[in-house]
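K.L.:
generate a structure from the sequence data that follows.
(one chain, ligands or ions: 1)
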Amino acid sequence: MTRRQLLAGNWKMNKTVAEARAFAEAIGRQADAFAGEADFAVCPPFTALHVLRVTLPARVALGAQNVYFEPKGAFTGEVSAEMLAEAGVRYVIVGHSERRHLFGETDALVGKKVEAVLGAGMTPILCVGEDLRERQLGHTERVVERQTKAALAGVDAGRAGEVVIAYEPVWAIGSGQTPAPEDAQRVVAHIRRVVEQEKGKEAAGRVRILYGGSVTADNIAGFTAQPDIDGALVGGASLQPDGFVRMAKAITKGASA
Ligand SMILES: O=C(CO)COP(=O)(O)O
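P.N.:
Next up, the predicted model:
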């Protein structure tokens, strides 16, 4: 089973409309970096979706960082999956650890969001990962297992392979610290086994699992060279056009090697 690598930038709460446009124009001047056999996406704040839709190079897809599961109604401050799809969004990050920890998102809520995103014809990027204490207690596998099972509970086996999962150890996010690539591979392989157990072989073979947490242009290739790691979800290092272009080249080179 060959899976296409995916490089997704999560801008978090960074960049104004003007800054987003400048980023898109800068990577557009190096658009050949995105010509290879891989997928690319940028996930800006909602306010910059439109400008990126009209300025990003054609091979770089649009992503969002959050969604609400209800289709419409009295949910002040929320945005539905249909609204995102209409705005040109292809990928939606769901259950990022910042949303789980800072905004109280539960496994059950994350599961509903995954279903809503698939229902609107987009691809969820489901984030899972242990925090430092859970890691120190040796609970990494059981934490990612619980998060993965809960998030996929309402997804048909036939569609589970469309989901992208991002393994993001919380202690590695924004810290400059990463697990060794072999260590990340071990956890990602475990996540794939959980998908197989829950949704079958075909879904497990298709599902793309990314690594995220202090990925840079210098270390990305070590992760994407691992057999079960199918790309990267990148925060800080995705904010600089040159860094994003370098990571795109690294991921494409690895994919064709
Ligand atoms: O949270 C992340 C991506 O979703 C990772 O952030 P950093 O790449 O800044 O560590």
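
K.L.:
excluding sequence neighbours, find me the nearest residue to residue 84.
P.N.:
residue 64 (5.0 Å; C-beta to C-beta, 6 or more residues apart in numbering). The way it works is simple: take the backbone N, C-alpha and C, and place the C-beta from them, glycine included.

K.L.:
low pLDDT regions in the chain?
P.N.:
Scanning the chain for pLDDT under 70 picks out the ranges 1, 255-257.

K.L.:
where do the helices of it begin and end?
P.N.:
Here the chain has its helices, by DSSP state H, at 17-28, 49-55, 81-86, 97-102, 107-119, 132-136, 140-152, 157-160, 181-199, 201-206, 220-224, 241-256.

K.L.:
looking at the ones you listed, which is nearest to residue 5?
P.N.:
helix 241-256 (4.7 Å; C-beta to C-beta).

K.L.:
close enough to count as contact, the residue nearest to residue 84 and residue 92?
P.N.:
Yes. Residue 64 is in contact with residue 92 according to C-beta atoms under 8 Å; the separation is 4.8 Å.

K.L.:
tally of neighbours for the residue nearest to residue 84?
P.N.:
Using other C-beta atoms under 10 Å, residue 64 has 26 neighbouring residues.

K.L.:
hang on, the earlier thing: list the residues that contact both of residue 64 and residue 92?
P.N.:
Residues touching both residue 64 and residue 92 (C-beta atoms under 8 Å, 6 or more residues apart in numbering) are residue 84.

K.L.:
could the helices of the chain go into JSON lines alongside mean neighbour count?
P.N.:
As requested, those are arranged in JSON lines below (neighbours: other C-beta atoms under 10 Å):
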{"stretch": "helix 17-28", "mean neighbour count": "17"}
{"stretch": "helix 49-55", "mean neighbour count": "17"}
{"stretch": "helix 81-86", "mean neighbour count": "19"}
{"stretch": "helix 97-102", "mean neighbour count": "17"}
{"stretch": "helix 107-119", "mean neighbour count": "20"}
{"stretch": "helix 132-136", "mean neighbour count": "14"}
{"stretch": "helix 140-152", "mean neighbour count": "20"}
{"stretch": "helix 157-160", "mean neighbour count": "15"}
{"stretch": "helix 181-199", "mean neighbour count": "19"}
{"stretch": "helix 201-206", "mean neighbour count": "16"}
{"stretch": "helix 220-224", "mean neighbour count": "23"}
{"stretch": "helix 241-256", "mean neighbour count": "20"}
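
K.L.:
with distance to the ligand added, can I get the ones you listed in CSV?
P.N.:
Converted to CSV, the helices of the chain look like this (distance: least, C-beta to the nearest ligand atom, whole Å):
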stretch, distance to the ligand
helix 17-28, 16
helix 49-55, 17
helix 81-86, 17
helix 97-102, 7
helix 107-119, 14
helix 132-136, 14
helix 140-152, 15
helix 157-160, 21
helix 181-199, 13
helix 201-206, 22
helix 220-224, 10
helix 241-256, 10
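
K.L.:
save those as TSV, and put in distance to residue 70 too.
P.N.:
Formatted as TSV, the helices of the chain follow (distance: least, C-beta to C-beta, whole Å):
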stretch	distance to residue 70
helix 17-28	27
helix 49-55	20
helix 81-86	9
helix 97-102	17
helix 107-119	8
helix 132-136	31
helix 140-152	18
helix 157-160	20
helix 181-199	25
helix 201-206	26
helix 220-224	36
helix 241-256	33
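
K.L.:
so which of these gets nearest residue 4?
P.N.:
Closest among these, using C-beta to C-beta: helix 241-256, at 7.2 Å.
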